[in-house]
Every structure is written in C-alpha cells, then in structure tokens.
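> coords please:
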Amino acid sequence: MINGTPWQLIYSTTLKCLGCTESNLFLLSGAHGVREEPRFVTARAGESVILGCDVSPPLDGQQPPYVVEWFKFGVPIPFFINFRFYPPHVDPEYTGRASLHGKASLQIDPVRSEDQGWYECRVLMLEQQYDTFHNGSWVHLTVNAPPSFTVTPPQYVEAKEGGSTLLSCSAQGNPKPMISWLREGEELATNAKYSVHDGSLTILGITRDDRGAYTCRAYSDQGEVLHTTRLLVQGPPYIVSPPENITVNISQNAPFTCQAEAYPGNLTYTWFWEEDNVYFKNDLKLRVRILIDGTLIIFRVKPEDAGKYTCSPSNSLGISPSASAYLTVQYPARVINMPPVIYVPRKLPGIIRCPVDANPPVTSVKWEKDGYPLRVEKYPGWSLMPDGSIRVAEATEDSLGTYTCVPYNALGTMGMSPPATLVLKDPPYFNVRPGGEYRQEAGRELVIPCAASGDPDIPSITWRKVYGVPLCCLLNYVHEEDEEEEPHLSSPPIFSPVHH
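Numbers count the residues shown, from 1 in each chain. Next comes the predicted model:
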C-alpha cells in the first residue's frame, strides 16, 4: 500500500496501480525506490508549454544510452518516442507541436485545449538487461482557453410575423464559458417574449418590432467572444419616413419623400394624387418621377397640382400601408374665366366681378374702363369691395363700356384679364304670378302656377317659404306647415342682384 492505494510490483522495476484513478496515477516508483510527486503545469491555449522529466545522472560519470517515451493517460501506446540522435516518432496529433526539451522534458507548441490531462514520462536505460528504468514522472497539464464558439446561428435569420424562431449558440473553453444573449446592449431573460435555455434563445410571437440584431456572448475569466445575428421579419412594408406637407412656388420642383422598410426588401412605391395614380393623370404624368428610394418629384409645378398626395409601398406581402401629405402651390394672382359680356339688369344694384385665382389671397385689384384706369369714386353709388369687385348701386348708361381687371397678391400678378363688355338688360319679369292665397285639404295635391321671362336667358325660378328654405316649384303633397310660399327669380350668375 502506498498512501492508501494498492500497487502491484511488476518485475523489479515497475509498480502497477490497482483500482487507482487519474488523480493518483502519479504514485509510481522506480527501480531504485525513487518516488516523485506529480507536477502541475498550467498553460494557455496557443502558447508553448514544457512538461518536465529528469534523467538521473550516472554513478560512473558516463551516461548510458536511453529511450524517452511520453504517454498520455488513457492511451496505451506512447505518443512521443525519442532515441538519442534518431528522429523522434510522434503521433499525428502532436506532429509539428511536440519536441524534446533538454534530455527528457517535452515541449508542446502550440498547446491546444484537447491537450489537457495527465502525462507520464518513461526513461528506458538500454544497457540494463531485463531491467527497464521507470522513473514515475507524472505531469498534469491544465490548458486554459478563452471561449470559442462551436455552434452559432446564421448571420441572418428569417421569420414570419406571428411565428417563432430558435437561435442556437454554444461555446468551448477552459474554464467552461457561460452564455448569454443581448439585444441593444441589454441582457435578455426568460419572459413572455424570450426563452433562454442552455445557450439557445427562442423568440416567441414575432412582430415587426422584434427585427434587428441579437448577440450571443460567451464569457469566462479567460475572455469573451461575441456573435451577432440579425433577425429579418417577413411582412408588409412599414413606412419609417412618411411624406410631409410642402409649399412651393409655381414652376418650382416639389419633392415628396417616402421611405419604407420591409423584408423581403423588393419594395415598389406607388403615388396617388387624390384618388388617381399620378401616372394616370394626363397633365401630371409627364412631369413626375418616382425614385428608387420612394421619393416623388413633381417638376415645374402648376397650380392645378395642388392637393393630397399619397405614398403606398408594397412588397407583395399583406396589406400595403399608405401615408399622405398635401402640396400647396403659391402663384401670382390670375384672372380665370372672365366672360366676354357682362349682363346687368337695368336700374338695379349689382356687382361687377373680377374672377380671380390666387395663392396667397388677392391683396388688390386694378380696373380699367374703356382702356383707362377706373376711378370708382367718380361714379355715384359705386364702391370697391374687399375682394376687388365693383359694387354698383344702380346700373345706368354710365355703366356701359369695356372692363378689364388686374389682380395682385404677395407674389405679383399674371397679367390683365381679357376685356369684358357690360350690357344693360331688363331684369326678369313674371308672366304668371301665383295667387295671393290657396286653400287645399291636408294630404291632397296642390299646384301653384308660376312663369317668367327675361333676356338674354330664360330665368330660373325657385320657391321658398317666407322665412323658410327653398322649395320645389311643384308641391306634390300639402302639409299643414307648408304655408306662406312665394316665388323668387334669379338672374344670370355673372351679375348678382341685391334684394332688400
């Protein structure tokens, strides 16, 4: 018994351990009863290490020939054999890494994690017939290795909205590394969204917000390694930069930005003006361009281009989102649809209008009559209204003539209107007037006659209750509240009569 461990003597030089473990295999005796304590060596993976083994000096001063053998525990044959000046025999696992250092010590360079374990050095004295010297030199090599990954998820992982995905990660090293998962620098813990178990991360109930980078971290006191995987969530696009309202001047270019994200990223952008595709609007389709990043550019903007523009990105998955913005076009004041003839009812009040379109609004209107600047204050009963129209208290022969107007706003004017000739006409008159009073039983039909004439057009006739709302000329059914009706004539829309 040696230190409580059974040993069996084999021949005269070797002891065999009976029932021993790796931890006490170093208890070996040599031919001369020399027992060495085990040596413990620590190295870092990738570095060089020397496993010591001493050769006893000869008694007569001359070293006899010997063979050096190195064994690794668990392997029955030596992995390194060296005899004097002959090339050593080295196991393929150690080829290029193992060499003799000094007389019998072994150098391993570079050392690997799998090199860790118990090593035995044997020195065989060749001149001692039938008596092999076994010096019982045991060395335990501990290889400290920084973490390194053995399994990592792909750089990109695809998942569908509403589904789940598993990211597997494992690492090796000495000591064994710990593994955690990070997102945006924060460590993830098991909850309703994430399940972290044995180095793997499961993401549950995937939504668009789950897309992005996930980092596996393997760490120990020897260091750490990181591996980042990006989760790509398959689904319809999401608008990250919607268009914004813009205001431009006429003839300028108007850019609307619209940026979306999606996976897959085969995005196409469609733009609408109001409800129509911009490429289907005749006057607009030749002046628009949609860039690859979704930007819509409207070239040489016109006032008619103003309105709502809607961006709709698509990748053929799900329902395409949309976002809208408004285009405001500023332009100098301009006259639109000035009639060549203005009909005014004789001896009635009315308004001579300058039909204007402007943005920003009109600030002033200058009039000419018969080619000369019109001074409204020279005509009794005439006045200039805030919108630039001329109010005529009573249309007489003094009103006759050819009128032009020039509107202005903060951006200026687009010019003078076409000439319009003012013509006096008699006002509309009744051919048939309704009677003063009609009686009919409730629920029965009642017809009240009314007819009128006028020049240049047949006047339109409307009905209204006194202090009421307009009615149809033909009252099919009489109700008790339908009382006190009276007819009303309206004249052409260019001139609006004023009733007192």
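> from Ile81, how far out is Tyr309?
For Tyr309, the distance to Ile81 (CB to CB, to the nearest Å) stands at 85 Å. All C-beta atoms are positioned from the backbone trio N, CA, C, and that covers glycine.
> okay, these two: which has more neighbours?
With other CB atoms under 10 Å as the criterion, Tyr309 and Ile81 differ in neighbour count, and Tyr309 comes out ahead with 25 against 17.
> secondary structure element holding that one?
Applying DSSP states H and E as the criterion places Tyr309 in strand 307-314.
> in the following helix or strand past that strand, what's buried?
Under the assignment DSSP H and E, the closest C-terminal helix or strand after strand 307-314 is strand 323-335. Within strand 323-335, the residues that count as buried by 16 or more other CB atoms under 10 Å are Ala323, Ala325, Leu327, Val329, Gln330, Tyr331, Pro332, Ala333, Arg334, Val335.
> stretch 298-305 now?
When neighbours are counted by 16+ other CB under 10 Å, the buried residues of stretch 298-305 are found to be Ile298, Val301, Asp305.
> that stretch - what's its average pLDDT?
Stretch 298-305 shows an average pLDDT of 96 in the prediction.
> now do that stretch: distance from first to last residue.
Between the opening and closing residues of stretch 298-305 there is a gap of 9 Å (CA to CA, to the nearest Å).
> and stretch 302-312, by the same measure?
Counting by CA to CA, you get 23 Å between the two ends of stretch 302-312.
> give me the contact list for that stretch.
For stretch 302-312, the surrounding residues in contact (CB atoms under 8 Å, 6 or more residues apart in numbering) are 239, 242-243, 250, 254, 256, 258, 269-274, 278, 283-284, 294, 296, 298, 320-329, 331, 357, 359.
> now do it: distance to the chain's middle.
With CA atoms, centre = their mean, to the nearest Å as the basis, stretch 302-312 stands 25 Å off its chain's centre.
> what count of nearby residues applies to Gly415?
Taking other CB under 10 Å as the definition, Gly415 ends up with a neighbour count of 11.
> doesn't it fall inside a helix?
No - read with DSSP: H, G, I helix; E, B strand; the rest coil, Gly415 is coil and lies in no helix.
> measure it to Thr363 for me?
Gly415 sits 16 Å away from Thr363, taking CB to CB as the criterion.
> repeat for Glu244
Taken as CB to CB, the spacing of Glu244 relative to Thr363 amounts to 28 Å.
> what's the answer for Ala306, then?
Between Ala306 and Thr363 the distance, using CB to CB, works out to 20 Å.
> who has more neighbours, these two?
Looking at Ala306 and Thr363 with other CB under 10 Å, you find the greater number of neighbours at Ala306, namely 19 against 12.
> give me the nearest residue to the more buried one, chain neighbours excluded.
Using CB to CB, 6 or more residues apart in numbering and skipping the chain neighbours, the partner closest in space to Ala306 is Val329 (4.4 Å).
> who touches that neighbour in this structure?
If you count contacts by CB under 8 Å, 6+ apart, Val329 has them with Thr247, Val248, Asn249, Ile250, Ala254, Val301, Lys302, Pro303, Asp305, Ala306, Asn359.
> leaving aside the residues next to it on the chain, what's closest to the fourth one?
It stands for Ile250. Of all residues beyond its chain neighbours, the one nearest Ile250 is Tyr331 (3.8 Å), with distances taken as CB to CB, 6+ apart.
> does Val356 really touch Ser364, like I thought?
No - under the criterion of CB atoms under 8 Å, Val356 makes no contact with Ser364, lying 10.7 Å away.
> okay, and the common contacts of those two?
Counting by CB under 8 Å, 6+ apart, the contacts common to Val356 and Ser364 are Gly388, Pro407.
> the more surrounded of those two?
A direct count of neighbours by other CB under 10 Å for Val356 and Ser364 places Val356 higher, at 23 against 12.
> so what's the more buried one closest to, chain neighbours aside?
Counting by CB to CB, 6+ apart, Pro407 is the residue found nearest to Val356 once chain neighbours are left out, at 4.4 Å.
> the one you found pairs with what?
Going by DSSP bridges, Pro407 is paired in beta bridges with Val365.
> contacts only, for it.
Ala333, Arg334, Val335, Cys354, Val356, Ala358, Val362, Ser364, Val365, Gly388, Thr413.
> from those, which single one is nearest Pro434?
For Pro434, the nearest member of the contacts of Pro407 is Cys354. The distance, counting by CB to CB, is 37.8 Å.
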